[in-house]
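S.K.: Just a sequence and a predicted model for now, questions to come.
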Amino acid sequence: VRALTASGDRVVIHHDGNAPAADHARLREALAGDAGVAFVPRRLRCGWGEWSLVAATLAAARTALSAFPDASHLYLISGDCRPIKSAAHVHAALAADPADHVETVDFFTSGWIKTGLSKERLIYRHPFNERRRPGLFYAALGVQKRLGLARPLPEGLAIRIGSQWWCLRRATVERLLAFVADRPDVVRFFRRTWIPDETFFQTLVHHLVPGAE
């Protein structure tokens, strides 16, 4: 974080709510006084493959837009990531390319998913976490299959998939958040999909932004 802010970038931190409060306090203390750092006000407990990952990212995006009105791009990285190019290189590359950077390919025809569940991620509801409660996860899936409880996809959206890591222009994030506010039906749908961090942003950016961008 210090390396990023020293080069002129700003950082918004969402610290997983599963992490101990003492660790969070140490993190805040270590970064206190750095005007380039903001924390998401409410820590969410995140689980692999859950909507909570998307919810935490949306919360971080709202915090970033509010805390840093001069930010031109929002770049999602994990706590394990660090840029391998200089800030000057990254800033120049983004300034020269009026586009969003996100992997977004057709969910059904691209072959992006190599193993495990495919269309089942979307058409069935997933109230349980596969990694924490695998028995309940697959039992709920089996019941829905037997009863024919497949659900339709959100109207007007072509579902896309791709890596969960992206760099989006500020205007794109603003449009995305406005869409989220206007279409609670889409949010409800993705809340019960499996691994939505690989489909939610990828679908909405494709829907909201011209292909050339």
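M.R.: Great, that's in hand. Note that the structure is predicted; figures quoted are calculated from it, not measured. Residues are numbered from 1 along each chain as shown.

S.K.: Surely Trp194 and Phe128 touch.
M.R.: No. In this structure, Trp194 sits apart from Phe128 without contact. The criterion is C-beta atoms under 8 Å, and the distance is 9.9 Å. All C-beta spots, glycine's among them, are computed from the backbone N, C-alpha and C.

S.K.: So these two - more neighbours on which side?
M.R.: Counted by other C-beta atoms under 10 Å, Trp194 and Phe128 do not tie: Trp194 has more neighbours, with 22 against 18.

S.K.: The more buried one in helix, strand or coil?
M.R.: The local conformation at Trp194, judged by DSSP: H, G, I helix; E, B strand; the rest coil, is coil.

S.K.: Contact partners for it?
M.R.: Gly49, Leu117, Glu120, Arg121, His126, Glu130 (C-beta atoms under 8 Å, 6 or more residues apart in numbering).

S.K.: Tell me which two in those residues are the farthest apart.
M.R.: Largest separation among the contacts of Trp194 by C-beta to C-beta: Gly49 and Glu120, giving 12.7 Å.

S.K.: Of these two, which one has the most company?
M.R.: Neighbour tally, Gly49 and Glu120, criterion other C-beta under 10 Å: the higher count belongs to Gly49, 20 against 15.

S.K.: Let's see the distance spanning stretch 103-118 from one end to the other.
M.R.: Its first and final residues considered, stretch 103-118 spans 18 Å by C-alpha to C-alpha, to the nearest Å.

S.K.: any idea of the mean pLDDT in that stretch?
M.R.: Confidence over stretch 103-118, taken as the mean pLDDT, stands at 95.

S.K.: quick one: buried residues of it?
M.R.: For stretch 103-118, burial by neighbour count (16 or more other C-beta atoms under 10 Å) applies to Glu103, Thr104, Phe107, Trp112, Leu117.

S.K.: how much space between Trp166 and Trp194?
M.R.: For Trp166, the distance to Trp194 under the criterion C-beta to C-beta, to the nearest Å works out to 20 Å.

S.K.: Check Gly148 too.
M.R.: From Gly148 to Trp194 the distance is 19 Å (C-beta to C-beta).

S.K.: just Ala38 next, same as before
M.R.: Separation of Ala38 from Trp194 (C-beta to C-beta) stands at 31 Å.

S.K.: likewise Val40?
M.R.: Distance of Val40 to Trp194, computed by C-beta to C-beta: 24 Å.

S.K.: cool, Val102 as well?
M.R.: Between Val102 and Trp194 the distance is 20 Å, computed by C-beta to C-beta.

S.K.: So in the protein, which helix runs the longest?
M.R.: Assignment by DSSP state H gives helix 51-67 as the longest helix of the chain.

S.K.: Buried ones in it, by neighbour count?
M.R.: For helix 51-67, the buried set under the neighbour-count rule, 16+ other C-beta under 10 Å, comprises 51-65, 67.

S.K.: Sheet-wise, list the partners of the very next helix or strand once past it with their directions.
M.R.: Tracing the chain past helix 51-67, the next element assigned as helix or strand by DSSP states H and E is strand 73-75. Strand partners for strand 73-75, identified by DSSP bridges, are recorded as strand 167-169 (antiparallel).

S.K.: Thanks a lot, catch you later.
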